[in-house]
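Visitor: Compute the structure for the input listed below.
(one chain, ligands or ions: 1)
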Amino acid sequence: MIGPHTHEFDFERWPFEAPEFADALTTIAVLEDDEPILLVSHDAEDGMWQILCGTTNEPEDGRLTCLGCLVELDPTLAEIADLPKGWEAFRDAVGAPWTREKSVPFDEEGDEEEGEDDDS
Ligand SMILES: [Zn+2]
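Guide: Below you'll find the model as predicted:
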């Protein structure tokens, strides 16, 4: 789907368990409008990384690209490289600390808490 290409990173070692060229889902806004990546979800079932801006959830705005391309775009994604499957992470801005949360399946009633005063 994606032609041969290379990535350039500042870190020495690829931080993700998934391969550097693994499929990853993002949005057209991230790729074309430079929207910051603020929401990352690691799929519980297939392990797919969804690396999103949070500005659109429309299926037609989704774009399949490669994980390495997204990390090249935003190297701070390395901070959540160890996010387990079935978890998601979000932040207020690039460079802000990530908040990690276990993803709540649709068929479960989640008592969600907004943790605003999370110091790190
Ligand atoms: Zn790539």
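Visitor: Retrieve the pLDDT associated with the closest residue to Cys53 other than its chain neighbours.
Guide: Leaving out its chain neighbours, the residue that sits closest to Cys53 by Cβ to Cβ, 6 or more residues apart in numbering is Glu35, at 3.7 Å. C-beta coordinates here come from the backbone N, C-alpha and C atoms, glycine included. As predicted, Glu35 sits at a pLDDT of 97.
Visitor: Spit out the contact partners of Glu35.
Guide: Glu35 makes contact with Thr27, Ala29, Cys53, Thr55 under the criterion Cβ atoms under 8 Å, 6 or more residues apart in numbering.
Visitor: from the residues you listed, which single one is nearest Thr99?
Guide: When those are ranked by distance to Thr99 (Cβ to Cβ), Cys53 comes first, at 16.2 Å.
Visitor: Now that that closest one has come up, it's in contact with Ala29, right?
Guide: Yes - under the criterion of Cβ atoms under 8 Å, Cys53 makes contact with Ala29 at 4.9 Å.
Visitor: can you give me the strands in this protein?
Guide: 23-27, 39-42, 49-52, 62-66, 87-90, 99-102 (DSSP state E).
Visitor: need those strands in JSON lines with mean neighbour count, mean pLDDT and distance to Ile80, can you?
Guide: Formatted as JSON lines, the strands of the chain follow (neighbours: other Cβ atoms under 10 Å; pLDDT from 0 to 100; distance: least, Cβ to Cβ, whole Å):
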{"stretch": "strand 23-27", "mean neighbour count": "21", "mean pLDDT": "97", "distance to Ile80": "13"}
{"stretch": "strand 39-42", "mean neighbour count": "22", "mean pLDDT": "98", "distance to Ile80": "6"}
{"stretch": "strand 49-52", "mean neighbour count": "22", "mean pLDDT": "98", "distance to Ile80": "9"}
{"stretch": "strand 62-66", "mean neighbour count": "15", "mean pLDDT": "96", "distance to Ile80": "17"}
{"stretch": "strand 87-90", "mean neighbour count": "18", "mean pLDDT": "98", "distance to Ile80": "5"}
{"stretch": "strand 99-102", "mean neighbour count": "14", "mean pLDDT": "97", "distance to Ile80": "7"}
